[in-house]
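> Sequence unavailable; structure follows:
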């Protein structure tokens, strides 16, 4: 779509997802500022075509039509957006904030209410797809909110996403869909680890096990993506164990608030928590397989 | 490949998988007999080009180069193959039996030993792919056994499978890989049910939830295939709850014999067992979602 004349965006958080979103906005011809606490990330985005970069919104002139918040959690989103010097103060009248961290529906609702009080419209818009998809402007966005919020953010949604799901008008629905999505993602990684550990225990070559599963009905997106790391013995973090301690923690917390039993997600949460307590929190999330004892796993070559 | 002159095959068990395999053999130009206790199935295969059909191997003249056993479990395989009037007595010297039921590695080894004593070579060769793939001659075979067994069965493997994995020379390895595959398949169905039930509890439209997941990293082959039934409210059995009570039962039994803990598979087994005890054993395996109370699920239209 054509970007309206004078349309300006600000991306808050230039991590792997935020940087991808910011670069996608620049590529789409949107004047885009970037906020991050890291000098290196700011320098990277500045060199890649940012209108301006800063450690806070105070460093920028003027106001923004769109703000994209891609920080780690609800607490960071509140901290960066709210208050007298918060980033939300620089959102133009009629503009909107797309909040894309993974958070509970309650946190999304509370944040929207405080933004509303500042006269700012929020889109509850978690994303999926990983760093590679973000860099390609091909994120999946699962969003809920008012039509006004969708309209105000249309140019940036178009720039960063290959697919935008409109879950409904109610803030919290987007967050809920993302939480349920993470239930599946986390259980699938843990199930992949359980299966591969059992194969190791039974003396089945893990490369063969991987090939069979990825060509049969037992496959999952996460099995295919993460169990490759186990086969290669490479636990360099693409996404860390502690991310799923956080996300499955959010899933079980949501289960409690809905009074909904989560037999599998609770079990998977315990597996990731144990992996973290064993000292593997910063390794790739496939390291949840290290919770199984009495097996020999492939070592990284070279 | 060219079928050797005079090569004859016999398919034991003309259920959805066996019928598919039998028809694929006929299509490949192999003279194929079929055994089943059901008159209707025998008549169906007879009309589709069988050399002959019967309720037991005693009804056929001569001997077979290849026998494919696609019955439900190890007990049925033993019953049909062994003994003085067993089907294995009609396997030609130098021929082999491909045993494709889902069974434990121990049962596969015991069966192979008894066949060996009768002078018959066995391939431990479970299959995956479902009825549609079987009908198209596109099953996935995960096989272990001697090179002689692979060689003797090459024409039928070529006819029925799109991919044959040679797991190794040891009988039991094929069975083990299938058991571990079923761990993933079963956990993925149960996880899909848990996620969709949570979505229902949270008031998320299930069709939307399905679309998001199937286009994101939380997807699995089983989620995409089975949760469609939940969205449509159609529990007509493609594969029944009780099949996974059996298969995950085999998984947990194998875990005990390996002294290997199965946190997720044990939980999923309990969910399928509960669904069966609630009276849903003969419904589609996606009916495991009915173990969650306090939610409203889509009803079948019309």
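Alright, I've got the coordinates. In this text the structure is predicted, and so the values were computed from the model without any measurement.

> contact partners of the helix or strand of chain A with the lowest mean pLDDT?
Least confident helix or strand of chain A, by mean pLDDT, DSSP states H and E, is helix A:130-135 with a mean of 88. Applying CB atoms under 8 Å, 6 or more residues apart in numbering or on different chains, the contact partners of helix A:130-135 are A:16-21, A:23-24, A:127, A:139-140, A:160, A:162, A:238-239, B:217. Glycine gets a C-beta too; all of them are placed from N, C-alpha and C.

> quick one: the strands in the stretch 101-250 of chain A?
A:121-124, A:127-128, A:139-144, A:161-168 (DSSP state E, counting those that start in this stretch).

> Tell me the strands beside the shortest one, with direction?
For strand A:127-128, the pairing partners within the sheet under DSSP bridges are strand A:139-144 (antiparallel).

> starting at the chain centroid, how far to the host helix or strand of residue A:68?
In this structure, residue A:68 sits in strand A:64-69 according to DSSP states H and E. Strand A:64-69 has its average C-alpha position 17 Å from the chain's average C-alpha position, going by CA atoms, centre = their mean, to the nearest Å.

> who are the neighbours of it, in terms of helices and strands?
strand A:8-12, helix A:16-27, helix A:74-81, strand A:91-99, helix A:147-160 (3 or more CB pairs under 8 Å, 6 or more residues apart in numbering or on different chains; DSSP states H and E).

> which stretches of chain A have low pLDDT?
Judged by pLDDT under 70, chain A has its weakly predicted residues at A:1.

> in it, which helix has the most residues?
helix A:173-201 (DSSP state H).

> Next, the angle from that helix to strand A:161-168.
120 degrees (axes from the mean of the first three to the mean of the last three CA atoms, to 10 degrees).

> Restricted to buried residues, select the contacts of helix A:130-135 in PyMOL.
In PyMOL, a selection of the buried entries from the contacts of helix A:130-135 looks like this (16 or more other CB atoms under 10 Å in any protein chain shown):
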select buried, (chain A and resi 16+17+18+19+20+21+23+24+127+139+140+160+238+239) or (chain B and resi 217)
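
> Among the contacts of helix A:130-135, which one lies nearest to residue A:222?
Among the contacts of helix A:130-135, residue B:217 lies closest to residue A:222 (CB to CB), at 6.4 Å.

> Which single residue in the stretch 1-150 of chain A comes nearest to chain B?
Closest to chain B within the stretch 1-150 of chain A is residue A:128: 4.3 Å, counting by CB to the nearest CB.

> That residue and residue A:100, how far apart?
10 Å (CB to CB, to the nearest Å).

> between these two, which one's more packed in?
residue A:100 (30 against 26; other CB atoms under 10 Å in any protein chain shown).

> Now do the phi/psi pair for that one.
The phi and psi values for residue A:100, taken as degrees, to the nearest 10, are phi -120, psi 10.

> Against residue A:139, how distant is it?
9 Å.

> Tell me the residues that contact both of those two, please.
Residues touching both residue A:100 and residue A:139 (CB under 8 Å, 6+ apart) are A:17, A:21, A:127.

> Contact partners for residue A:86?
Contacts here follow CB under 8 Å, 6+ apart; on that basis residue A:86 touches A:57, A:80.

> ah, wrong one, I meant residue A:286
A:189, A:192-193, A:226-227, A:229-230, A:235.

> Mind doing that once more with 6 Å?
A:226, A:229-230 (CB atoms under 6 Å, 6 or more residues apart in numbering or on different chains).

> Go through those and name the one nearest chain B.
Distance to chain B across these (CB to the nearest CB) is lowest for residue A:226, with 9.9 Å.

> that older thread, among the contacts of residue A:286, which are in helices?
Of those, the ones assigned to helices by DSSP H are A:226, A:229-230.

> bridging residues for the residue of the stretch 1-150 of chain A closest to chain B?
In beta-bridge terms (that is, DSSP bridges), residue A:128 pairs with residue A:140.

> Could you check how many residues crowd around the nearest residue to residue A:203 once chain neighbours are set aside?
Excluding the flanking residues, the one nearest residue A:203 by CB to CB, 6 or more residues apart in numbering or on different chains is residue B:173, at 7.7 Å. By other CB under 10 Å, the residues close to residue B:173 number 24.

> so residue B:173 makes contact with residue B:167?
Yes - using CB atoms under 6 Å, residue B:173 makes contact with residue B:167 at a distance of 4.4 Å.

> Residues that sit against both of these two, list them.
With CB under 6 Å, 6+ apart, residue B:173 and residue B:167 have common neighbours residue B:144.

> Spell out which residues of the stretch 1-150 of chain A are next to chain B.
Contact residues (CB under 6 Å from any CB of the partner chain) of the stretch 1-150 of chain A with chain B: A:128, A:140, A:142.
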